[in-house]
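**Student:** My questions concern the predicted model and sequence given below.
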There are 4 protein chains.
Amino acid sequence: MNLTSQIYDRLSNLVVNTGWGRKDAAPPRPETLIEAARKLPGLRSETRVMAQAAELLAGYAILDDAGKLSFFESLRDGFDPDPDALAEAARQYLESADPARLEALSRLAEPPRQELLRRLNTAAGGTAALVGMRDDLLRLTGRDPAFARVDADFRHLLRSWFNRGFLQLVRIDWRSPALLLEKLIKYEAVHEIRDFRDLQRRVLPADRRCYAYMHPAMPDEPLIFVEIALINGLPDSVQGLIDEAREVLPPDQADTAVFYSISNCQNGLAGISFGNLLIKNVVAELLRELPNLSGFVTLSPIPGLRKWLEERAGAEPAIAKLLKEPDPVALSAQTARYLLKARDAKDRPRDPVARFHLGNGAEAHRVIPDADISERGRKQSLGMMVNYLYDLKRIEARHDGFTERGVIAAPRKMQDMARKAEPKQTDEET
Amino acid sequence: MNLTSQIYDRLSNLVVNTGWGRKDAAPPRPETLIEAARKLPGLRSETRVMAQAAELLAGYAILDDAGKLSFFESLRDGFDPDPDALAEAARQYLESADPARLEALSRLAEPPRQELLRRLNTAAGGTAALVGMRDDLLRLTGRDPAFARVDADFRHLLRSWFNRGFLQLVRIDWRSPALLLEKLIKYEAVHEIRDFRDLQRRVLPADRRCYAYMHPAMPDEPLIFVEIALINGLPDSVQGLIDEAREVLPPDQADTAVFYSISNCQNGLAGISFGNLLIKNVVAELLRELPNLSGFVTLSPIPGLRKWLEERAGAEPAIAKLLKEPDPVALSAQTARYLLKARDAKDRPRDPVARFHLGNGAEAHRVIPDADISERGRKQSLGMMVNYLYDLKRIEARHDGFTERGVIAAPRKMQDMARKAEPKQTDEET
Amino acid sequence: MNLTSQIYDRLSNLVVNTGWGRKDAAPPRPETLIEAARKLPGLRSETRVMAQAAELLAGYAILDDAGKLSFFESLRDGFDPDPDALAEAARQYLESADPARLEALSRLAEPPRQELLRRLNTAAGGTAALVGMRDDLLRLTGRDPAFARVDADFRHLLRSWFNRGFLQLVRIDWRSPALLLEKLIKYEAVHEIRDFRDLQRRVLPADRRCYAYMHPAMPDEPLIFVEIALINGLPDSVQGLIDEAREVLPPDQADTAVFYSISNCQNGLAGISFGNLLIKNVVAELLRELPNLSGFVTLSPIPGLRKWLEERAGAEPAIAKLLKEPDPVALSAQTARYLLKARDAKDRPRDPVARFHLGNGAEAHRVIPDADISERGRKQSLGMMVNYLYDLKRIEARHDGFTERGVIAAPRKMQDMARKAEPKQTDEET
Amino acid sequence: MNLTSQIYDRLSNLVVNTGWGRKDAAPPRPETLIEAARKLPGLRSETRVMAQAAELLAGYAILDDAGKLSFFESLRDGFDPDPDALAEAARQYLESADPARLEALSRLAEPPRQELLRRLNTAAGGTAALVGMRDDLLRLTGRDPAFARVDADFRHLLRSWFNRGFLQLVRIDWRSPALLLEKLIKYEAVHEIRDFRDLQRRVLPADRRCYAYMHPAMPDEPLIFVEIALINGLPDSVQGLIDEAREVLPPDQADTAVFYSISNCQNGLAGISFGNLLIKNVVAELLRELPNLSGFVTLSPIPGLRKWLEERAGAEPAIAKLLKEPDPVALSAQTARYLLKARDAKDRPRDPVARFHLGNGAEAHRVIPDADISERGRKQSLGMMVNYLYDLKRIEARHDGFTERGVIAAPRKMQDMARKAEPKQTDEET
């Protein structure tokens, strides 16, 4: 348990920074870098592999975007399986599906990119560098399907390395290293943290909690974090929740934990989701510390509400009117309808935050007018927010219902509101 | 106050131990286990994946050897790629080697065993459990080639998870946790450690050092460790080195670090070598602490010496005589010859310890009579030992010379001894 | 990553070990040491004070017992207040009790020994060295009243430095440093710990706990520790409690914590009691972790029982018979009587362990025959042991009753047993 | 070494916050508090002592300044030695100076205030509370000699508790807890730190260091800290030193460590100096890490320069002119004169910062014009600053020269400048 404080990793001592890691080094030409990448899988001395991997990552780091894109193009075109060898192996396998031929086929079918990435990961700081490289990849190649197989190799390995079994749950508070707190300010996605003073209000008071997942190979980088307020009853507004003047509640007097902000920190880990597990893990941790807690809810934004209303406004005069003169009751009804009835192109619930929490096994519990009166809150959802409720006894059943049969859990009252908010069938039919 | 003490991993809180993890649970039938294994890749809820993975590993843990072997047979036979789908993909790819077909072929060619192992790794303690499972696999299926592809999948993933970038170098001393020290006693392979008192003599005195590699997912298990003595000059015998009555040398007065014992701890990580890197890493660490050190040598056993002498005794009367009446000078000469000239079936140096150090870039520096007078020492090498020398400036060149051209580095004197110890060519020819 | 690992105390770097700290240094003559001691309070450079303090402690450490005794004699005779100056200050104060004269009198009345000890404490490791010095003092001067004032100065300062506010409660388990565990083996006073294996059985199983008080200036030395067994019901025997073959109880199923061994570690801190507070502190800690616990009892030896019985045997034939043919019922009754009625010369309960727990606010709850069948147990108390019970709601009231009015808390049944075990008054009177 | 992370101090669990520690408790009347204080030394149960001490400190904490002053008056008047008993002891001692009477006199002459303070120190957080109480005492009673004996008792005990042997040297960097960094911003006395961003520039870059002394009983409060810049050559100005745009120097290329800011953090520890030792301790630590360092200098303010110049301006027209038209050369000369020649009422060097460093064994090495062009720098010293040089080989000799014979170490050039800056004797005499 206390071993970690003795741990020092001096692998980097062995790495000779011949070139690109030096201060003032000039960026390499992408071809030079790719040539080095091509040699990496063939090296036999482990020390040399590590040194070369570090050198290569250092060279990559100082490329400009054009250089990086060029590097990715080479990664895409030059690291696929050898087509002739693979074709021959496929032919052999078709001839006779014996274990040896199967193995040869499997081996040759794995893109050499994967071994390259594995070897880059041996450098000190390699894991963080590869996460950053995938961030660049997604940013520079966007949704270009030509790069899909490059990304697939990254995702495949990162999923293995960021295995749930390797994650560490960390409580973050005012005793946490400044280096780490600084990252929270940088990564907060939902309710901006302006500076350390502002952050202090999220982590220091006795009725606040903050937890993050960390990975041992990236000790200074949170992967995801969640901010929590301990209160009595259900929360009515974000501004009330983070009001500086509020009285601090002794945590053992709270009955409800509000997850009011969840932020993913690493774009390079997109598609490798931690949020579901983090919420359940934190619920378990909170219950251990504060057995009096009985409610676990979010206070969540509804990012797509206004856009949906605007789209519907043409066909539904009531909604057009609502956009001009927002009325809390009618707006709540339409919000319930949006959350429970609106579908996207893939026939999933249209709201992405709703999809996340419903997919985790939560219930769409309550919609709240004027709950986020910030400019952003007004802009994206006319101030509406929603509580998703995590009912520990039903999480798994609701997860199943949602993922297998598309059932959206919601109290009867919400369901009624949503149904009544829909234009009358007869109207539509006529 | 510090982050580390705040880290707690309560993933296991979410795991429902429905059955096999319970105290007094009866071992499952292997078929039941395999059925569960077959379902694991299909689960969609991450919490459930983790719970099932834990359950499965718990069930496996209480199988007897027959049950485990049966489980491995199912792993071997039931988790290969789907031959029809793969054949179809191979056919498609042969038709047209476009990226989509390549990707499909790659995907289908990866044995589903790998995804199973990845999912098992999500359980709390999963990594250690999988290392243990591979230990069982190697022990129960030995060198049976039928299981080679099962082992290949284990090795492939473990190599990725035990990536050099994830290893942590830890100094072990008398302040280390007893839990960890206990493992050293258990795993010491070269010079038996009898108990904690005996261990204390290896880690407490100022002129001793001990380092290990740890992995964050197995916090209580060393992967490999090395024991070091700081002395002046070259060591003459193991018994002198670990003599309890010797005077302790102030470490800043030592000029030489002797690596007198290196032990791999995890059979389940066989073939994933850490020793090469550990030695270089420790040399860097020692130099940082003790810049006066100029020599880095081993005091190594010669496990195959007696056996080789006995094999040669038939053809060479001088050796037959030597075995009856050991003479230090003649024995040293034959030892040099054994190390530098004797080859195994694959035409590699015959001695496994020699192969390890020469492959790391060391020189076979000196042979020493009566250096290990323990029973084992007499039995395997008539008391002979050898110093391998790590010359920092030549490690890489020697590594290359050995791995690429089979050159065994040794001082002129050793080479001469070895050559003269060979029977005269003319004798052999006549 | 954490603060603690950054803490290093290099005060000692500044200390020039001119002489006695060197290896192979010859012990100083006590006069030389005392001369250095006399100069210490006059030094003005703090660095020099620290260096001289370290030097002096190093010199003291290599004295033999005769030298130490001679050193203590000088401490006794040469470091009292200056009698003339003090007499003059006393005279002045008697003339006029104004603040300035009071202050002068206070200042001159403090023995210069105290400032000497304070300055010795500035050396690195000074606190531990002074605790060791007092250990020597008590050992070598025993109860000689001539040294009482030397000891009073030690005790006065150590009590201030080992203030309750500076103590740290530490849980000790199998992850604790071997260096610390080794001390437990050395210091265990009640039930001998033979070696690390034996110790492991006291700290590793899930139904065992061990806590110690540590002091930040003596990081490697426990001050006092307590060993605890978690069980159901009241414990019947030590041998049952520490039986290796017993089934381990899941800690959350235990209802009782048994304090079966408490050991003071530092003779040099004699008279500065930590036990009372440790027990209460550990009770609070256990309750926090295991809210199901409802009973807190000891399983305590009765060191003076046999001796008392033997003394009474002359006057009471029943006791003489009991010593020859122990009968559990009669023995229990006499034990109750011994604990509740027997007084020492100062009219306190005669048994020292009883005095400790009763003074802490415990109740003498139950006597148990054949509870310690070790040789020592038979010898000192014919195998009898006693449970003292800590009833959280009554600790303070019982403490008051005992310390203020001498009331010994015991259940009605115990009291009846004790009363009936007394010889009939009429018999004694006749 | 890694024990600390297991340490948790739950002494406070035992403390019943009956009253003043409760939220919204009304401040006690000072008399009530003093009454509690009077009872504290008589309590026999340690738990109760701790609880009462905590309660008393909680009550004190919510007093207003008038209440605190009233509390200090009672401390002053009601906790002196008992005059009658002391007089009797003095009489007895004058009659016969035997050890028993000496001891009685010593005991009675110690003001009961000391035992009160010792018992207050047993509360959780007691040490910090007492440091705060002395801060109040100095603030509210200023230099009123009537309170001198109260302060003497505080200082006497705090000096013992803040013994050099108990201090911990801590490196502070960007991984330090925010809680601790926040204190640096608060306590920086020399060059204001505006916020965390500003602080980051002092502790994060590779050529910056920051060290503090901590005390284990006040884990969140630095006692004193020093900020260091690693540079080449001597520093010319503070603004250059902390210039954000400067290029960061690799630390192993630096030859000089500049101590550019030293801040005491606890007013309540006034008169218990740590600075001298901190500087030497940090020098040792820096040398261990960076053996290339050869110079250790300060860049120090000269707080009293302008005031002294203004005082001299009346008598010396050259100085009056200098104040109007500052000329770097003449100003440097007068600064040298001020540092080396100007004396205060006690005939010590007049400048307090000079006294500190010269007393530590430094040399007044160089005066620098325009070295602090901040408003404060111009105001107090016309922009002049000074380098004090710590020459490791001469520190002790210079300390002795200064403290014993008043010798101010300075290079010949400085001395000449200072002498020539003095008005000609003949001028003065005529």
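**Tutor:** In hand now; what should we look at?

**Student:** got the contact list for stretch A:321-337?
**Tutor:** A:302, A:305-306, A:309-310, A:313, A:318-319, A:364, A:367-370, A:381-384, A:386, A:410, A:414-415, A:417-422 (Cβ atoms under 8 Å, 6 or more residues apart in numbering or on different chains). Every residue, glycine included, has its C-beta placed from N, CA and C.

**Student:** Filter these down to the ones in helices?
**Tutor:** Using DSSP state H, the members of these that fall within helices are A:305-306, A:309-310, A:313, A:318-319, A:381, A:414-415, A:417-421.

**Student:** Regarding residue A:218, what is its secondary structure?
**Tutor:** coil (DSSP: H, G, I helix; E, B strand; the rest coil).

**Student:** What is the neighbour count of it?
**Tutor:** For residue A:218, the neighbour count with other Cβ atoms under 10 Å in any protein chain shown is 17.

**Student:** same check, this time on residue A:405
**Tutor:** Residue A:405: 7 neighbours (other Cβ under 10 Å).

**Student:** filter the contacts of stretch A:321-337 to the buried ones?
**Tutor:** A:302, A:305-306, A:309, A:313, A:319, A:364, A:367-370, A:381-384, A:386, A:410, A:414-415, A:417-418, A:421 (16 or more other Cβ atoms under 10 Å in any protein chain shown).

**Student:** Return the residues of the stretch 101-250 of chain A in contact with chain B.
**Tutor:** Contact residues (Cβ under 8 Å from any Cβ of the partner chain) of the stretch 101-250 of chain A with chain B: A:102-103, A:105-106, A:109-111, A:118, A:121-127, A:146, A:148-149, A:152, A:157, A:159-161, A:163-171, A:173, A:175-177, A:180, A:214, A:216-217.

**Student:** mind listing which of those residues are in helices?
**Tutor:** A:102-103, A:105-106, A:109, A:118, A:126-127, A:148-149, A:152, A:157, A:159-161, A:180.

**Student:** can you list the domain ranges for chain A.
**Tutor:** By the assignment in automatic domain parsing, chain A contains the domains A:14-161, A:165-298, A:305-429.

**Student:** which stretches of chain A form strands?
**Tutor:** Assigned by DSSP state E, chain A shows strands spanning A:168-171, A:208-214, A:224-231, A:256-264, A:295-298, A:363-368, A:385-389.

**Student:** Could you dump the ones you listed into JSON lines with mean pLDDT added?
**Tutor:** Compiled in JSON lines, the strands of chain A are given as follows (pLDDT from 0 to 100):
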{"stretch": "strand A:168-171", "mean pLDDT": "93"}
{"stretch": "strand A:208-214", "mean pLDDT": "96"}
{"stretch": "strand A:224-231", "mean pLDDT": "95"}
{"stretch": "strand A:256-264", "mean pLDDT": "93"}
{"stretch": "strand A:295-298", "mean pLDDT": "94"}
{"stretch": "strand A:363-368", "mean pLDDT": "96"}
{"stretch": "strand A:385-389", "mean pLDDT": "96"}
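
**Student:** now the ones you listed in TSV, with distance to chain C?
**Tutor:** Listed next are the strands of chain A as TSV, based on distance: least, Cβ to the nearest Cβ, whole Å:
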stretch	distance to chain C
strand A:168-171	11
strand A:208-214	10
strand A:224-231	17
strand A:256-264	20
strand A:295-298	22
strand A:363-368	31
strand A:385-389	28
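
**Student:** how about the ones you listed in TSV, adding distance to residue A:89?
**Tutor:** What follows is these, written out as TSV (distance: least, Cβ to Cβ, whole Å):
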stretch	distance to residue A:89
strand A:168-171	41
strand A:208-214	40
strand A:224-231	41
strand A:256-264	40
strand A:295-298	51
strand A:363-368	51
strand A:385-389	50
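
**Student:** So for chain A, the centremost residue is which one?
**Tutor:** Residue closest to the mean C-alpha point of chain A, counted by Cα atoms, centre = their mean, is residue A:264 at 4.1 Å.

**Student:** measure that residue to residue B:44 for me?
**Tutor:** According to Cβ to Cβ, to the nearest Å, residue A:264 and residue B:44 sit 20 Å apart.

**Student:** Name the residues of the stretch 151-300 of chain A found near chain D, please.
**Tutor:** Contacts of the stretch 151-300 of chain A with chain D, taken as Cβ under 8 Å from any Cβ, map to A:174, A:175, A:176, A:177, A:178, A:179, A:181, A:182, A:195, A:196, A:200.

**Student:** and the first one, what is it in contact with?
**Tutor:** Think residue A:174. With Cβ under 8 Å, 6+ apart, residue A:174 has these contacts: A:200, A:203, A:204, D:177, D:178, D:179, D:182.

**Student:** one more time with 10 Å, if that's ok
**Tutor:** A:181, A:196, A:199-200, A:202-205, A:208, A:210, D:177-180, D:182, D:220 (Cβ atoms under 10 Å, 6 or more residues apart in numbering or on different chains).

**Student:** nearest to residue B:131, of these?
**Tutor:** Of all those, residue A:210 has the smallest distance to residue B:131: 34.0 Å, by Cβ to Cβ.

**Student:** For the residue nearest to residue A:238 when sequence neighbours are not counted, give me phi and psi.
**Tutor:** Spatially, and ignoring its direct neighbours in sequence, residue A:238 is nearest to residue A:372 (4.9 Å; Cβ to Cβ, 6 or more residues apart in numbering or on different chains). Residue A:372 has phi and psi values of phi -140, psi 100 when expressed as degrees, to the nearest 10.

**Student:** How many residues are close by residue A:372?
**Tutor:** 24.

**Student:** Look up how far chain C lies from it.
**Tutor:** 36 Å (Cβ to the nearest Cβ, to the nearest Å).

**Student:** so that residue touches residue A:235, yeah?
**Tutor:** No - with contact defined as Cβ atoms under 10 Å, residue A:372 does not reach residue A:235; the gap is 11.0 Å.

**Student:** okay, and the common contacts of those two?
**Tutor:** Both residue A:372 and residue A:235 are contacted by A:299, A:385, under the criterion Cβ under 10 Å, 6+ apart.

**Student:** Report the buried residues of stretch A:196-212.
**Tutor:** A:196, A:199-200, A:202-205, A:207-212.

**Student:** cool, stretch A:143-162 as well?
**Tutor:** Residues of stretch A:143-162 classed as buried: A:147, A:149-154, A:156-158, A:160-162 (neighbour count, 16+ other Cβ under 10 Å).

**Student:** Stretch A:219-238 now?
**Tutor:** Going by neighbour count (16+ other Cβ under 10 Å), the buried part of stretch A:219-238 is A:219, A:221-231, A:235-238.

**Student:** Looking at those residues, spot the one nearest residue B:280.
**Tutor:** residue A:219 (22.7 Å).

**Student:** Do you know the pLDDT at the closest one?
**Tutor:** pLDDT, residue A:219: 89.

**Student:** Kindly report the same for residue A:243.
**Tutor:** Note on residue A:243: pLDDT of 81.

**Student:** and stretch A:284-300, how far apart are its ends?
**Tutor:** 21 Å (Cα to Cα, to the nearest Å).

**Student:** how distant is it from the center of its chain?
**Tutor:** Computed by Cα atoms, centre = their mean, to the nearest Å, the separation of stretch A:284-300 from the middle of its chain amounts to 22 Å.
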